[in-house]
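Visitor: Got a predicted structure plus its sequence, pasted below:
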Amino acid sequence: MKTKEEIKQLLDYLQDSSEKDLKFNEAAIYTAFEKGNNHQSLAIKILSIFGGILASLLFIGFLFIAGIYDSELGLLLLGIPLIIFGAFITKVTDNILLDTLSISAYIIGFILVGAGLLQMKTDENLVCIILILIAASALFIVRSYLISFISVLIICGGFLFLMMSNNSFNLIHIYISLLALILTFIYLKEPKLMTFNKAFSQIYDSVRISLIFCFLAGLYLLGRNYRLANIVEYSFEYFWISSVVIILAILYVISHLFEMLNIKKSEQKYGIYALSVLILLPTVFAPAISGAILIILLSFLVNYKTSLVIGIVAFIYFISQYYYDLHYTLLTKSIVLFCSGILFLGLYFLTHKKLSSDEKI
């Protein structure tokens with residue numbers, strides 16, 4: 001971690017190495033530095049989220065044992081203030097206990113409001129839309145890491161619920177395709193997004209990691225299609241849609257990797273494109289695998305270690321799930337496993353060779 005002295009040395013170095021007269025707001029830089037040091041690590045935030053979820057479930061159990069579910073008005077009168085309290089308490093302080101309390105209150109509030117509306121015989125689709133709108137409002141108003149994370153999960157989870165409850169599970173291909181495009185955009189345009197809008201920069205990290213989980217949730221549901229087909233109306237005719245979008249996104253990411261790896265010759269680029277298409281083509285039958293590959297490539301490109309680990313774990317899981325999925329023949333599974341292995345070995349040797357040559361230079 002940098003100290004103030006190191007920051008001062010860095011500013012002096014930039015000033016000396018520049019031909020122009022640079023002026024820095026050192027007071028603002030030091031203030032931001034101190035504020036950044038006080039921020040909790042991602043692991044602590046994740047523990048806060050899961051701690052809040054567990055506490056929420058226990059508290060909800062207590063409330064229902066106490067019989068509060070008998071009063072629709074009581075559920076709403078308790079749920080709405082809890083949402084407001086949970087959303088805005090994080091703006092007061094970054095204390096870990098208050099963070100857990102805010103997450104608990106926020107989640108409990110949504111559960112109580114949803115239960116109250118359902119008790120009032122409100123249509124479940126309308127209830128879901130109301131909760132999505134509340135979460136979206138909190139996302140744009142509060143600008144808190146934890147609240148933004150939970151809000152995005154509620155929004156995406158709401159859309160998944162609407163698809164399944166209305167027997168429109170085929171729309172999951174649109175859901176996955178949109179998330180693949182959004183993730184590709186926010187990863188590749190990270191510098192511009194961080195500087196374009198101050199409000200969005202405050203929730204960028206939480207939105208990015210929550211979208212990763214939402215994307216993986218959609219891929220998981222799609223990967224379990226042989227079971228879901230017995231529960232919801234699902235057609236395998238549109239199975240290729242999400243796969244094609246993800247593969248195109250991967251090819252676009254590879255074009256950005258050319259710049260990082262200093263690949264300039266057209267012959268090399270076209271050869272890599274052709275090899276990538278050839279290797280990724282079998283994953284049309286397994287969009288979950290290509291989706292995990294997309295996460296890995298995006299994370300590698302921007303050096304985001306958290307989602308890189310998540311992508312690797314997801315890739316291993318989806319490979320295992322695909323192998324034991326009896327919907328496909330053993331030959332098809334073997335081809336996908338073989339091609340995926342070649343892809344990663346090729347990427348490893350290519351990046352290792354390029355990075356080693358850069359170090360020698």
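Guide: In hand now; what should we look at? Predicted model, so just to flag it, every value in this text is computed and none were measured.

Visitor: buried sites along whichever strand or helix holds Tyr270?
Guide: Taking DSSP states H and E as the criterion, Tyr270 maps to helix 266-280. Using 16 or more other CB atoms under 10 Å as the test for burial, helix 266-280 gives Ile272, Ser276, Ile279, Leu280. C-betas here are computed from N, CA, C, even on glycine.

Visitor: What of stretch 199-209?
Guide: Buried, per 16+ other CB under 10 Å, within stretch 199-209: Gln202, Ile203, Tyr204, Asp205, Ser206, Val207, Arg208, Ile209.

Visitor: Helices of the stretch 201-350 of the chain, start to end?
Guide: Listed in chain order, the helices of the stretch 201-350 of the chain (DSSP state H, counting those that start in this stretch) span 225-228, 240-260, 266-280, 287-302, 305-324, 330-360.

Visitor: so for the longest one, what's the average pLDDT?
Guide: To tie it back to what came earlier, the one meant is helix 330-360. Mean pLDDT, helix 330-360: 62.

Visitor: what's the answer for stretch 118-127, then?
Guide: Rounded mean pLDDT across stretch 118-127 is 89.

Visitor: May I have that stretch as PDB, with CA atoms only?
Guide: Extracted C-alpha coordinates of stretch 118-127, given in PDB (Å, rounded to 0.1, in the frame of the first residue of the first chain):
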ATOM      1  CA  LEU A 118     -49.100 -11.300  -2.200                       C
ATOM      2  CA  GLN A 119     -51.300 -11.500   0.900                       C
ATOM      3  CA  MET A 120     -53.300  -8.700  -0.700                       C
ATOM      4  CA  LYS A 121     -54.000 -11.000  -3.700                       C
ATOM      5  CA  THR A 122     -51.800  -8.900  -5.900                       C
ATOM      6  CA  ASP A 123     -50.700 -10.600  -9.200                       C
ATOM      7  CA  GLU A 124     -47.300 -12.100  -8.700                       C
ATOM      8  CA  ASN A 125     -46.000 -10.600 -11.900                       C
ATOM      9  CA  LEU A 126     -47.000  -7.100 -10.700                       C
ATOM     10  CA  VAL A 127     -45.400  -7.800  -7.300                       C
END
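
Visitor: That stretch: which residues count as buried?
Guide: Gln119, Val127.

Visitor: State the distance from Ile272 to Ser266.
Guide: 11 Å (CB to CB, to the nearest Å).

Visitor: sorry, that was for Ile134
Guide: Taking CB to CB, one finds Ile134 at 52 Å from Ser266.

Visitor: now Cys214
Guide: 37 Å.

Visitor: Out of the helices and strands in the chain, which is least certain?
Guide: helix 26-38 (a mean of 51; mean pLDDT, DSSP states H and E).

Visitor: backbone phi and psi for Lys265, please?
Guide: phi -70, psi 130 (degrees, to the nearest 10).

Visitor: need the contact list for it.
Guide: Applying CB atoms under 8 Å, 6 or more residues apart in numbering to Lys265 gives no contacts.
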